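A.B. asks: Quick one: sequence and predicted model below, then my questions.
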Amino acid sequence: MSNTYTQIHIQCIFAVKYRDAVINRSWKERLHKYIIAIVNNNGHKALAINSMPDHLHLFFGMRPKQSLSDLMQLVKRDSSEWINKQKIFTKRLCLRHIQLCVTSVNKQKYIKSFRGCLKFVKCNTQMSL
């Protein structure tokens, strides 16, 4: 399949377990960079990320070399583990997936449509895990 081209853009939303409003401004940028690194290090392309105190939005371009469920499992497990290792909370924190949206629309228009209400930030940074 040397002439095959795929372009899959996915928006996923993760919620904090029990929808606790615990994602704090003081460390959410570090969390964003960590999640971007998980996505990018698995061969995909993080395009935008943002979070509210009780949930997180991630928009990325997906390569067909890995299943979506495997990637989501990695993001949930590794980011939850990272949060708990930082000892930010006295109780254990867990992210859980609540929604996925697969789209084939123009990614710039899609990101712009969320910029006003969600204040998405383009993901141009690289970070190693």
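C.D. replies: In hand now; what should we look at? Numbers count the residues shown, from 1 in each chain.
A.B. asks: Could you list the low-pLDDT ranges of the protein?
C.D. replies: Applying pLDDT under 70 to the chain flags the ranges 1, 89-129.
A.B. asks: Show me where it has its strands.
C.D. replies: 8-16, 45-52, 55-62, 95-103, 121-122 (DSSP state E).
A.B. asks: just the helices in this structure please.
C.D. replies: Secondary structure of the chain (DSSP state H): helices at 25-41, 68-85, 107-118.
A.B. asks: Select, out of those, the one closest to residue 16.
C.D. replies: Closest to residue 16 of the helices of the chain is helix 68-85 (CB to CB; 9.5 Å). For the C-beta atoms, the positions are set from N, CA and C on the backbone; glycine is no exception.
A.B. asks: buried stuff in the closest one?
C.D. replies: The neighbour-count check on helix 68-85 (16 or more other CB atoms under 10 Å) flags 71, 72, 75, 76, 78, 79, 80, 82, 83 as buried.
A.B. asks: Stretch 39-51 too?
C.D. replies: Of the residues in stretch 39-51, 39, 40, 42, 44, 46, 47, 48, 49, 50, 51 count as buried by neighbour count, 16+ other CB under 10 Å.
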